[in-house]
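Participant: I'll drop the sequence and a predicted model, then ask my questions.
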Amino acid sequence: MDAGTSSRPAVDASHRRALRYLAQRPPLVVALIMLVALLALVITEGLQPTAQRTVNGFVSGSYFALGAVGLTLVYGTLKLVNFAHGDFLTFGAYIAFLFSVSVGLPLIVAAAIAVAATALLGVGTERVMWRPMRERKAGLLQLLLMTIGLAFVLRNSIQFVAGTQPRTLDVDVESSVAFLGLRIGRTELIVVAIGFAVLVGIAMMLRSTSLGKQMRALSDDFDLASVTGIDTDRIVTVTWIFAAGSAGLAGVLYTSAIGTLTPNIGFFLLLSLFAAVILGGIGNAYGALAGGLIIGLAQEWSTLLVDARWKVAVGFIVLILVLIVRPQGLFGRERTV
Amino acid sequence: MSVLAVTFDAFTNVEFWIGVGVLAGAYAIFALGLQLNVGYTGIVNFGQAGFMAIGAYAMGILVVDHGVSFWLALPLATLIAMAAGVLIGLPALRLRSDYFAIVTIAFAEMIRYTAQNARELTGGNQGLLGFDDDWVEFSIEVQDSLASVGLGDQFLLPLLLAVWTTLLVLTVLLRRVTNSPWGRVLRAIREDEDAARALGKNVFAYKLQSLAIAAGVGAISGYFLVLNLAFINPQQFEPLVTFLGYAVLVLGGLASYVGVIIGAVILWTLLEATRFIDLPLSAEKVASLRFIIVGLILILLMAFRPQGILGKKEEMVLGD
């Protein structure tokens, strides 16, 4: 009996324990992967470029997360895969454009109107389409195709009124702030600040308020929530207000960051939003927030390694990888897959 | 008043109807594949435009870069598209159907981005040209022999005949396949996956076969669409194509191959004939209006007649 053979099982056991510990904590694993990726990029590509892309990643992560949180809330609560969600972003952006450029109001006021209008649109679709269809016990494909129909109607109505030519929002996309050798656009800084403030607000609302808890309960198990006496109609309406309102804001923030808008921006963003939602675990609001940030960072980091035109494909690759490795996402549970 | 004056020339214009016929035929083939998946197997394939793109680009690249004959490239490219169906199906078919829908659309978009950005291979947004010499030669021969019976002056007539012949052959084949014992298993899976599994059927393998066949059928529809334009570019494979395919599918009705043909003819007549309605609007606005109408059709059909025109309500499993 020498010491070497007797200690080996102990080492194996501790390895196994460590692996099991990690397997039960996918968010930790992802955080570690992100950290390793970040370090690898810093070493191979240099600190300054990596830090700059990280800043950019937080900018796009903020509107991805905002867009994704609404998509996931609606899915969780109503089991509705809303292909029109991207066009809610477009709608918000164009309302902001209408009131800021055409009417001449300050952008911040126009943005508030846009959020309200998009929230109203969301509630409107709930009343006219989704509630009657729920009462009829419509199936998955029926609802899916209705959201696609709605997407067609929204996008082409916007196109009918505003035309396909790119519109320019009256924002300053030129001037930028520099700190520690990193540059961030003045407008982008405001975008990130507003985006994160609202995200933290939504997260806190979901975590601490009675309303947020009821929303999460409904998202978790609709029938169970309704037998415990939650006023489901009211919570569904509130969910739509939040989901569509945050989509409208995401649309305004996105177009403010890049300065131009076309009727296709929402659909263009939609698949990145789906990637964020599935990464975080479909139906899980915190997951969508984390997923949005991760997709934003992954897309921007990728530009250090490959041409920026592949950026969008990174989201799809993440999406497909997650579904192969861990289809329930970071925060999702097995049964939901 | 010229507010709603319809120029009836449109309805007597042979060229116009041949154009509509080619598009309707190609989309009917496209939707035949969807019908096998959605209507008969109950898998919600949203990546059909991606399979179409793989088929079309594989064919184009084989002909242009590798000197393969056009006629040989067609079956080869179809096999490649079917292999892609298996490849994407292996991970994705294990997922629940709403995940499957999202993954397949992401897959199709990835194919389109690749086509757009891998410029050395696909020509990027410039497109791929010169794959159709053999076809044009053949088409002219057909046109000449049609001329001898007095049908010679329509350039697209041979393509129209090819599309509709293919459509009819595929419809007959798919009907036979779905009426076979194999097809009955597909329908059993659609009705109740667990029951089919309990009977000892390998549900996953059947779904994979269904997806692979649909991918091949999607590729075939793509050949006609690219021949119609004489070039291949990424814009031909936008998700819009898949969505229009679904509009064709639900218009005609689920679980009916003939319905698909009717749906395609109705949709394309509607889309194209509106060009001739003399609205006091710009072409761009009319285009938007057309897709608003398509959207409304989808919404209203799903709300009030989800089984479509020919679909059978008892054959419709739209739930999860």
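Facilitator: Arrived safely, thanks for sending. Numbering: from 1, shown residues only, chains lettered A, B, ... in the order given.
Participant: could you pull out the strands for the stretch 151-300 of chain B?
Facilitator: B:277-278 (DSSP state E, counting those that start in this stretch).
Participant: in it, what spans have low per-residue confidence?
Facilitator: Regions of the stretch 151-300 of chain B meeting the criterion pLDDT under 70 cover residues B:152.
Participant: so what's the gap between stretch A:235-246 and the chain middle?
Facilitator: Stretch A:235-246 has its C-alpha centroid displaced from the chain centroid by 15 Å (CA atoms, centre = their mean, to the nearest Å).
Participant: if you could redo that for stretch B:151-165, that was the one I meant.
Facilitator: Averaged C-alpha coordinates place stretch B:151-165 at 19 Å from its chain's average position (CA atoms, centre = their mean).
Participant: over to stretch B:23-37?
Facilitator: 4 Å.
Participant: likewise for stretch B:74-86?
Facilitator: If you compare the mean C-alpha spot of stretch B:74-86 with that of the full chain, they lie 15 Å apart, counting by CA atoms, centre = their mean.
Participant: now swap in stretch A:70-89 and tell me
Facilitator: Between the mean C-alpha location of stretch A:70-89 and the chain-wide mean there is a distance of 11 Å, by CA atoms, centre = their mean.
Participant: quick one, what contacts the spatially most central residue of chain A?
Facilitator: The geometric centre of chain A, computed from its C-alpha atoms, lies nearest to A:Ala68 (CA atoms, centre = their mean), at 2.2 Å. Residues in contact with A:Ala68, defined by CB atoms under 8 Å, 6 or more residues apart in numbering or on different chains, are A:273, A:276-277, A:280, A:288-289, A:291-292. No exception for glycine: its C-beta is placed from N, CA and C like everyone else's.
Participant: how near is B:Leu74 to chain A?
Facilitator: As defined by CB to the nearest CB, to the nearest Å, B:Leu74 lies at a distance of 28 Å from chain A.
Participant: and the one helix or strand that residue maps to, what does it pack against?
Facilitator: Element membership for B:Leu74 (DSSP states H and E) is helix B:70-92. Using 3 or more CB pairs under 8 Å, 6 or more residues apart in numbering or on different chains; DSSP states H and E as the contact test, the elements touching helix B:70-92 are helix A:311-325, helix B:48-66, helix B:97-117, helix B:133-147, helix B:203-229.
Participant: now, of the contacts of A:Ala68, which are buried?
Facilitator: Buried positions within the contacts of A:Ala68, assessed by neighbour count (16 or more other CB atoms under 10 Å in any protein chain shown), are A:273, A:276-277, A:280, A:288-289, A:291-292.
Participant: so which of those residues would you say is closest to chain B?
Facilitator: Distances from these to chain B were compared by CB to the nearest CB; the smallest belongs to A:Val277, at 8.6 Å.
Participant: just give the closest residue to that closest one, not the sequence neighbours.
Facilitator: Nearest in space to A:Val277, with sequence neighbours left out and distances taken as CB to CB, 6 or more residues apart in numbering or on different chains, is A:Thr72 at 4.6 Å.
Participant: now the one you found: which helix or strand?
Facilitator: Assessed by DSSP H and E, A:Thr72 sits inside helix A:47-78.
Participant: the helices and strands packed on helix B:70-92: which one's closest to B:Gly89?
Facilitator: When the helices and strands packed on helix B:70-92 are compared for distance to B:Gly89 using CB to CB, the nearest one is helix B:203-229, at 4.4 Å.
Participant: hmm, back to that, next SSE downstream of the helix holding A:Thr72?
Facilitator: The helix or strand immediately downstream of helix A:47-78 is helix A:85-97, counting by DSSP H and E.
Participant: how far out from the middle of the chain is that next one?
Facilitator: Here the centre of mass of C-alpha atoms in helix A:85-97, compared against the chain's by CA atoms, centre = their mean, lies 15 Å away.
Participant: against chain B, how distant is A:Leu144?
Facilitator: 6 Å.
Participant: who are the contact partners of that residue?
Facilitator: Going by CB under 8 Å, 6+ apart, the list of residues near A:Leu144 reads A:81, A:83, B:44, B:98, B:101.
Participant: from the buried ones among the contacts of A:Ala68, which land in helices?
Facilitator: The helices, defined by DSSP state H, take in A:273, A:276-277, A:280, A:288-289, A:291-292 from the buried ones among the contacts of A:Ala68.
Participant: how about these in CSV, adding pLDDT?
Facilitator: Formatted as CSV, these follow (pLDDT from 0 to 100):
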residue, pLDDT
A:Leu273, 94
A:Ala276, 92
A:Val277, 91
A:Gly280, 87
A:Ala288, 88
A:Leu289, 88
A:Gly291, 92
A:Gly292, 93
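Participant: nearest to B:Asp65, of the residues you listed?
Facilitator: Top of the list for closeness to B:Asp65, among those and by CB to CB, is A:Leu273 at 36.5 Å.
Participant: relative to A:Asp87, how far out is the closest one?
Facilitator: Here A:Leu273 is placed at a distance of 12 Å from A:Asp87 (CB to CB, to the nearest Å).
Participant: against chain A, how distant is the nearest residue to B:Ser139 once chain neighbours are set aside?
Facilitator: Leaving aside its chain neighbours, B:Ser139 sits nearest to B:Pro158 (4.3 Å; criterion: CB to CB, 6+ apart). The span separating B:Pro158 from chain A equals 34 Å under the rule CB to the nearest CB.
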